[in-house]
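Colleague: Coordinates only, no sequence provided:
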């Protein structure tokens, strides 16, 4: 279901209570015990729907059902971050959830995820593996696995994920969704269990770029109370002709089909007025290496290390091994790695002088659940190839479906990326790429225009 | 001597060779063996002067002599950073020195400093204590001690210092100079021995704000090759009326005279159209604590730790103790401290909503050399009270003389500070504070207008 479709049904007389009731029944019928970590009773959801019915129908997301990744607080529902022993009961909504509710949207469940948002696969959870809604043999993608699956299974109109190293884009690629990873700090992180606090972004899964844009208008609000929130200047603009970067020798990790799908995506962008420009991605991939081979893993330890030390057995074994790998980095080497990142970022700027947007495979390939269980670290590392560096280099990105590999069975996608502030432009281009009706990009009113920081 | 005075002499027929010759003789007569670490032969300086004579006289700093702190490279002259065993012979000028030479300025010597720019006192150097040119009993201030002393002793028109935690402001206060600490990244750091690389600024000492502004116009150039260089947006503007912050209960460290001097500075700013606003500086001082009580000291270790480990006896004892204090901070605690800094910075923003500029004591008081030698850490910590947080919080600052304590013997000063990009406005206000002829603030042409970063 799209937001647009739901709006049409509401315009035709449907009520939020009806829609939410339908969805709740569909959720039960979908029968994936690993999809949600918290699914409230139907009566609870109908109460929320009734409250929304009392709100003005003109609200931009009036009656629109959404799912929330279980590292983002919804008041009164437990937050686990994928670890039952870590659970707490928040009394306040995360700021983004609060804004969505204020716009009329209805949270319907908390979604499964790779524990502590550490992983790109969706298998690293004691709650099981959320089913890939296109083909259950394949990975759902992570860490926002349940958020993606619930949209792909048509159980909500959009969902909130998070994205530090790719967790909001990989699941979009694997389940044929739009995955918008906003500019860092454009959305408030208040009420989010941190992964790498300096890099975390709350992200959005939707069926169309137009839907993601509608959500973005509700949630792109500067939050003075979140030290990582930024006044992002909306930037860019793409005319009839634009330049898009394509990596010199893309890595498809041996997949027989994805090179062809990528070539088709290049042709598609050309048909939309784009001129491909071959770019050397060394600066980007060197930055990516810093994330998992450098001290940034220690941010994860800073977030949950105390808990892990007290409850070692509560932590998923793969996750614990990664978290414990953060030890051994001292302050001096942390600063040195941050300098290196500055240098890679400076080098990356040279690439941006030649192009407007970057077209990349979201992942080199897709893996099956079985392949991942056999090779849990290797497959995960492969998937992050083109996602890891985006937050380090302060980019915005939109993952877009781009056909299927393996004779039409395995979903796959590409990512459109650009520097901080290009979010709305990227969503507009994603809409054109998907052949959606042209998005009317209003002058964003909710995004303050002041400074970057 | 001021740049303006020298320009008048040049307009009257004097030549750079004459001026440089005079200055060289004066330097010998001044007879402070601790002032310079490298003073070239007269013949070398006269050669440079002759080369400048061949350049167009219209250059903005044609024939203007300047001194360079010995952690900034001048091609062919050794760089020691205050440690003889660390010395190397650079083949290229630091970028800022290159820009000054291109504008016609003439480097005449490399100045003594607190070793590795670690200190605010000027006594932490194996080359001795550069004499305070106003009164030798008092500290020259550091770490840019020789840079300040050489301007105060009238041996050059301006000098380059550096300023990480106050090294470009404390010596200005103690020797009655303008000490401009630019916005971080406004000046290139290429060719600088790092102290805390994420915070370091090259700074300028001058006799007048007008002179500092002239220098700023030559050196405020974005440097693509320095990853910490930023495209700073020139900001602000102060009209006939403005609001200036004054700390609720300023710390004067028991000095009997500086409270009165500060009160007079407040009155002076009021007479210039300013309305004082009492502000709570907690966010600023909490940020300051992070610098020396937190992991940032490890940046110093990242810069010179390898050298210190190999040459422990080459390092000044006080300095070594500080540098070795950086151990024990791991990556996780480094990130946590950086989060804390973000939060303090956010809290500080609330203060900036109430004021245009901040008026602070540059230091609570001044100490004698003897006091410092007795209490080397304590006196140093006192001096950083109002300087430490500026780079952490991304502020620009200008230290301005503000009278003398101890019956007219002990120089002292205040600092005007504002957020990044306010440099030119602060220099303009400093000129008015000092009763200099109104500075004509041209639209800065050398400062790119694009983005901050």
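Modeller: Looks like it came in fine. The structure presented is a predicted model; accordingly, all values stated were derived computationally and were not measured. Numbers count the residues shown, from 1 in each chain, chains lettered A, B, ... in the order given.
Colleague: pull the longest helix from chain A.
Modeller: helix A:331-352 (DSSP state H).
Colleague: Whichever helix or strand comes after it pairs with which strands?
Modeller: Next helix or strand after helix A:331-352 toward the C-terminus (DSSP states H and E): strand A:357-361. Applying DSSP bridges, strand A:357-361 is found paired with strand A:242-247 (parallel), strand A:410-419 (antiparallel).
Colleague: Next, format these as JSON lines and append distance to residue A:294, mean pLDDT and mean neighbour count.
Modeller: For glycine as for every other residue, the C-beta is placed from the backbone atoms N, C-alpha and C. Below are these laid out as JSON lines (distance: least, C-beta to C-beta, whole Å; pLDDT from 0 to 100; neighbours: other C-beta atoms under 10 Å in any protein chain shown):
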{"stretch": "strand A:242-247", "distance to residue A:294": "22", "mean pLDDT": "97", "mean neighbour count": "20"}
{"stretch": "strand A:410-419", "distance to residue A:294": "21", "mean pLDDT": "97", "mean neighbour count": "26"}
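Colleague: the inter-axis angle of the longest helix of chain A versus strand A:357-361?
Modeller: Helix A:331-352 runs at 110 degrees relative to strand A:357-361, counting by axes from the mean of the first three to the mean of the last three C-alpha atoms, to 10 degrees.
Colleague: ok, which residues in the stretch 151-300 of chain A are in contact with chain B?
Modeller: A:197, A:198, A:224, A:227, A:228, A:295, A:298, A:299 (C-beta under 8 Å from any C-beta of the partner chain).
Colleague: one step back: distance from the chain centre to the longest helix of chain A, please.
Modeller: Remark: helix A:331-352 is offset 24 Å from the chain centroid, using C-alpha atoms, centre = their mean, to the nearest Å.
Colleague: so what does that helix touch, helix or strand wise?
Modeller: Other helices and strands packing on helix A:331-352, by 3 or more C-beta pairs under 8 Å, 6 or more residues apart in numbering or on different chains; DSSP states H and E, are helix A:282-293, helix A:389-392, helix B:297-310, helix B:331-352.
Colleague: Residue A:206 is nearest to which of the ones you listed?
Modeller: helix A:389-392 (18.6 Å; C-beta to C-beta).
Colleague: Count the neighbours of the residue nearest to residue A:150 when sequence neighbours are not counted for me.
Modeller: Nearest residue to residue A:150 in three dimensions, chain neighbours excluded: residue A:67, at 4.3 Å (C-beta to C-beta, 6 or more residues apart in numbering or on different chains). Burial measure for residue A:67: 29 neighbouring residues, criterion other C-beta atoms under 10 Å in any protein chain shown.
Colleague: In this structure residue A:67 contacts residue A:147, no?
Modeller: Yes. Using C-beta atoms under 8 Å, residue A:67 makes contact with residue A:147 at a distance of 5.8 Å.
Colleague: any common contacting residues for the two?
Modeller: Both residue A:67 and residue A:147 are contacted by A:111, A:159, A:160, under the criterion C-beta atoms under 8 Å, 6 or more residues apart in numbering or on different chains.
Colleague: quick check, nearest of the residues you listed to chain B?
Modeller: Nearest to chain B, judged by C-beta to the nearest C-beta, of the shared contacts of residue A:67 and residue A:147 is residue A:160 at 22.4 Å.
Colleague: and that closest one, what are its bridge partners?
Modeller: residue A:68, residue A:204.
Colleague: shouldn't it be in contact with residue A:99?
Modeller: No. In terms of C-beta under 8 Å, residue A:160 does not count as a neighbour of residue A:99; the distance is 11.0 Å.
Colleague: Including distance to residue B:122, could the strands paired with strand A:357-361 go into JSON lines?
Modeller: Output for the strands paired with strand A:357-361, formatted as JSON lines (distance: least, C-beta to C-beta, whole Å):
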{"stretch": "strand A:242-247", "distance to residue B:122": "51"}
{"stretch": "strand A:410-419", "distance to residue B:122": "44"}
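Colleague: closest one to residue B:125 among those strands?
Modeller: strand A:410-419 (44.2 Å).
Colleague: which element follows the closest one toward the C-terminus?
Modeller: Past strand A:410-419, the next helix or strand by DSSP H and E is helix A:423-433.
Colleague: So which other helices or strands are in contact with that next one?
Modeller: In this structure, helix A:423-433 packs against strand A:178-181, helix A:209-219, helix A:258-271, strand A:357-361, strand A:395-405, strand A:410-419, with contacts taken as 3+ C-beta pairs under 8 Å, 6+ apart.
Colleague: Contacts only, for the residue nearest the centre of chain A.
Modeller: Chain A has residue A:168 as the residue nearest its centroid, 1.8 Å off, counting by C-alpha atoms, centre = their mean. Neighbouring residues of residue A:168 by C-beta under 8 Å, 6+ apart: A:144, A:161, A:162, A:179, A:180, A:181, A:201, A:203, A:204, A:205, A:399.
Colleague: Pick out the most distant pair among these.
Modeller: Maximum distance among the contacts of residue A:168 (C-beta to C-beta): 13.9 Å, for A:162 and A:399.
Colleague: more crowded one of the two?
Modeller: Using other C-beta under 10 Å, the more surrounded residue of residue A:162 and residue A:399 is residue A:399, with 34 against 26.
Colleague: Which parts of the stretch 51-200 of chain A are strands?
Modeller: A:65-69, A:106-111, A:158-163, A:178-181 (DSSP state E, counting those that start in this stretch).
Colleague: closest to residue B:15 out of these?
Modeller: Closest among the strands of the stretch 51-200 of chain A, using C-beta to C-beta: strand A:178-181, at 62.6 Å.
Colleague: Against chain B, how distant is the residue nearest to residue A:350 when sequence neighbours are not counted?
Modeller: Nearest in space to residue A:350, with sequence neighbours left out and distances taken as C-beta to C-beta, 6+ apart, is residue A:283 at 7.7 Å. Applying C-beta to the nearest C-beta, to the nearest Å, the value for residue A:283 to chain B is 11 Å.
Colleague: my guess is residue A:283 contacts residue A:348, does it?
Modeller: Yes. Contact criterion C-beta under 8 Å: residue A:283 and residue A:348 qualify, at 4.3 Å.
Colleague: Of those two, which one has the most company?
Modeller: residue A:348 (23 against 20).
Colleague: What's the separation between the more buried one and residue B:136?
Modeller: From residue A:348 across to residue B:136, the span is 52 Å (C-beta to C-beta, to the nearest Å).
Colleague: What of residue A:241?
Modeller: The gap separating residue A:241 from residue B:136 is 70 Å, by C-beta to C-beta.
Colleague: More neighbours: these two, which one.
Modeller: Between residue A:241 and residue B:136, counted using other C-beta under 10 Å, the more crowded position is residue B:136 (14 against 10).
Colleague: Return the backbone torsion pair for that one.
Modeller: phi -70, psi -10 (degrees, to the nearest 10).
Colleague: Leaving out sequence neighbours, find the closest residue to it.
Modeller: residue B:369 (7.9 Å).
Colleague: What is the end-to-end distance of stretch A:213-227?
Modeller: Chord length of stretch A:213-227, first to last residue, is 25 Å (C-alpha to C-alpha, to the nearest Å).
Colleague: Buried residues of it, list them for me.
Modeller: A:213-223, A:226-227 (16 or more other C-beta atoms under 10 Å in any protein chain shown).
Colleague: thinking again about what came up before, quick one: which two of the residues of the stretch 151-300 of chain A next to chain B are the most distant?
Modeller: A:224 and A:295 (29.0 Å).
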